[in-house]
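how would this look folded up:
(one chain, ligands or ions: 2)
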Amino acid sequence: MGVRATVMGAGAWGTAFAMILATAGNEVTLWARRPEIAEGINNTGCNPDYLTGTHLPGVTATADPDAALTGAEVVVLAVPAQQLRANLAGWTMPAEAIVVSLAKGIEVGTLQTMGQVVHEHGILRDRITVVSGPNLADEIAARQPATTVVAGWDRAVAEQVGAVCRTPWFRPYTSIDVIGCEIAGATKNAIALAVGMGMGRGFGANSMASLITRGLAESTRLGESLGADPHTFAGLAGMGDLVATCMSPLSRNRSFGEHLGRGLSVAEATTASRGVAEGVRSSTSILALAHRQDVEMPIVERVVQVLAGELSPDEAIRTLMARETKPER
Ligand SMILES: NC(=O)C1=CN([C@@H]2O[C@H](COP(=O)(O)OP(=O)(O)OC[C@H]3O[C@@H](n4cnc5c(N)ncnc54)[C@H](O)[C@@H]3O)[C@@H](O)[C@H]2O)C=CC1
Ligand SMILES: O=C(CO)COP(=O)(O)O
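Numbers count the residues shown, from 1 in each chain. Ligands and ions are numbered 1, 2, ... in the order given. Okay, here's the model as predicted:
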């Protein structure tokens, strides 16, 4: 028996998630900010801007947030991290709905995770869940097998969301480590920028593996300082997502880093990007969070310096390699 589910945000991941929900037998409404996107979906059955060849049977689109939200039992938030708070302020959330956050980022200024932003908006913690894992939208849209983690403060609610978004090719696991999944999801984008920079400089698998592994170590340190379970970082939302993102040319964050590594400016890389690369804004807030928590994050620090134009990718790599020798753990 399906539920009435609404996805707020018709970018790549919002569109693919709407397709998952419809395939799983739910009644799905997809809110698009731009009316022409909603019209395109309703008229052709495909999103004209994102995942363009993907058919979305059973998905009805609208550009009216009230129409989208009225009566929804599950509300999926799929707008970029830095835009979530402003969007929530203009929306009337259904009183009893379960909320699912898809964005992978840390809010600039408040240093809050998306779950915290949603909670601050007045949603009870027990009704908030986040989805995070190795989920490149293009592959999900092509119905390639993938797994993910649905994390919620209330395990039963996470299980409910897991059941609602389960399809033959999309297998959700559940977790109660919301903060761990969110920190893992946000930091992997910053690490993917670093990996991309290395690839843009022409480096191979050794460099990539070194950055992934040490990136995971600093991500885990930050998570633990905030009360996360370190095991989460070895799981799908941690290592799983990091590997998928850093290995795939489909990743916007890795591609953005590659552009920087090849000598493009941040502005040029932004123009070349085919969607939001969350790590570009969130690297700064992740580093600020690390400073607040007194946690060392040398890779993220170098990424922030490159994005700010204070270091070249070559200098970033050189200074990372010049750090003092120390025990691995
Ligand atoms: N694309 C992917 O493979 C995955 C993305 N994510 C995360 O999901 C979140 C959304 O990403 P995507 O859908 O991929 O991004 P996208 O770049 O494909 O689309 C962004 C969407 O947000 C809309 N948007 C932009 N500014 C807005 C604003 N001010 N107010 C409302 N809507 C606005 C755009 O019109 C577009 O529909 C990000 O946090 C991303 O890290 C997570 C897993 C997979
Ligand atoms: O989060 C993602 C895969 O899990 C998508 O990564 P990008 O945002 O870098 O494309």
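
C-alpha from now on. contacts and neighbour counts both.
Fine.

show me where the stretch 151-300 of the chain has its strands.
170-175 (DSSP state E, counting those that start in this stretch).

packing partners for the helix or strand where residue 41 lies?
Assigned by DSSP states H and E, residue 41 belongs to helix 35-44. Counting contacts by 3 or more Cα pairs under 8 Å, 6 or more residues apart in numbering; DSSP states H and E, helix 35-44 packs against strand 59-62.

mean confidence for the strand it packs on?
In this model, strand 59-62 has a mean pLDDT of 98.

buried ones in the following helix or strand past it, by neighbour count?
Moving toward the C-terminus from strand 59-62, the next helix or strand (DSSP H and E) is helix 65-69. Within helix 65-69, the residues that count as buried by 16 or more other Cα atoms under 10 Å are 65, 68-69.

next: stretch 310-319.
Applying 16+ other Cα under 10 Å to stretch 310-319 flags 311-313, 316-317 as buried.

closest to residue 140 among the residues you listed?
Among the buried residues of stretch 310-319, residue 313 lies closest to residue 140 (Cα to Cα), at 31.9 Å.

what's near enough to touch the closest one?
197-198, 201, 260-261, 306 (Cα atoms under 8 Å, 6 or more residues apart in numbering).

tell me which of those fall in helices.
197-198, 260-261, 306 (DSSP state H).

follow-up on the earlier one: tabulate the buried residues of helix 65-69 (JSON lines), appending distance to ligand 1.
Below are the buried residues of helix 65-69 laid out as JSON lines (distance: Cα to the nearest ligand atom, whole Å):
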{"residue": "65", "distance to ligand 1": "11"}
{"residue": "68", "distance to ligand 1": "14"}
{"residue": "69", "distance to ligand 1": "15"}
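
can I get those in CSV including distance to residue 214 and pLDDT?
CSV is the format used below for those (distance: Cα to Cα, whole Å; pLDDT from 0 to 100):
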residue, distance to residue 214, pLDDT
65, 42, 98
68, 42, 98
69, 42, 98
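
ligand 2 next: which of these are close?
Among the buried residues of helix 65-69, no residue lies close to ligand 2 (Cα under 6 Å from any ligand atom).

quickly note the distance from residue 45 to residue 196.
According to Cα to Cα, to the nearest Å, residue 45 stands 34 Å off from residue 196.

what does the stretch 1-150 of the chain have sitting close to ligand 2?
133-136.

5 Å instead?
Taking Cα under 5 Å from any ligand atom, the part of the stretch 1-150 of the chain that reaches ligand 2 is made up of 134-136.

among these, which ones are in strands?
Among these, no member falls in strands (DSSP state E).

most neighbours out of those, which is it?
Neighbour counts for these, by other Cα atoms under 10 Å, peak at residue 135, which reaches 24 neighbours.

I figured that one hits residue 145, correct?
No - look at residue 135 against residue 145 with Cα atoms under 8 Å: they stay out of range, at 9.8 Å.

gap between the two ends of stretch 195-204?
Terminal-residue distance, stretch 195-204 (Cα to Cα): 10 Å.

show residues contacting it.
With Cα under 8 Å, 6+ apart, stretch 195-204 has contacts from 207-208, 211-212, 246, 253-262, 313-314, 317.

and residue 122, how many neighbours does it have?
Going by other Cα under 10 Å, the residues that sit close to residue 122 add up to 9.

which residues of the stretch 151-300 of the chain lie near ligand 2?
251-253.

among those, who's most crowded?
Busiest of these [other Cα under 10 Å] is residue 253, holding 29 neighbours.

doesn't residue 281 make contact with that residue?
No - counting by Cα under 8 Å, residue 253 sits too far from residue 281 to count as a contact (11.0 Å).

find the residue at the geometric middle of the protein.
residue 104 (2.8 Å; Cα atoms, centre = their mean).

re earlier: of the buried residues of stretch 310-319, which belong to helices?
Using DSSP H, these in helices are 313, 316-317.

and the helix holding residue 41, how far out from the chain middle?
From the chain centre to the centre of helix 35-44 is a distance of 25 Å (Cα atoms, centre = their mean, to the nearest Å).

quick one: contacts of it?
So helix 35-44 is contacted by 10, 30-32, 46-49, 56, 60-63 (Cα under 8 Å, 6+ apart).

just the buried subset of these, written out for PyMOL, thanks.
In PyMOL syntax, the buried subset of these is picked out as below (16+ other Cα under 10 Å):
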select buried, resi 10+30+31+32+46+47+48+56+60+61+62+63
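
closest to residue 324 out of the contacts of helix 35-44?
Scanning those for proximity to residue 324, where the rule is Cα to Cα, the winner is residue 10, at 46.1 Å.

got any ranges where the protein has weak pLDDT?
1 (pLDDT under 70).

where does the residue of the stretch 51-200 of the chain at minimum distance from ligand 1 fall, phi/psi-wise?
Closest residue of the stretch 51-200 of the chain to ligand 1, Cα to the nearest ligand atom: residue 103 (3.1 Å). Main-chain torsions, residue 103, degrees, to the nearest 10: phi -70, psi 140.

need the contacts of residue 313 in CSV (columns: neighbour count).
Formatted as CSV, the contacts of residue 313 follow (neighbours: other Cα atoms under 10 Å):
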residue, neighbour count
197, 30
198, 26
201, 18
260, 28
261, 24
306, 23
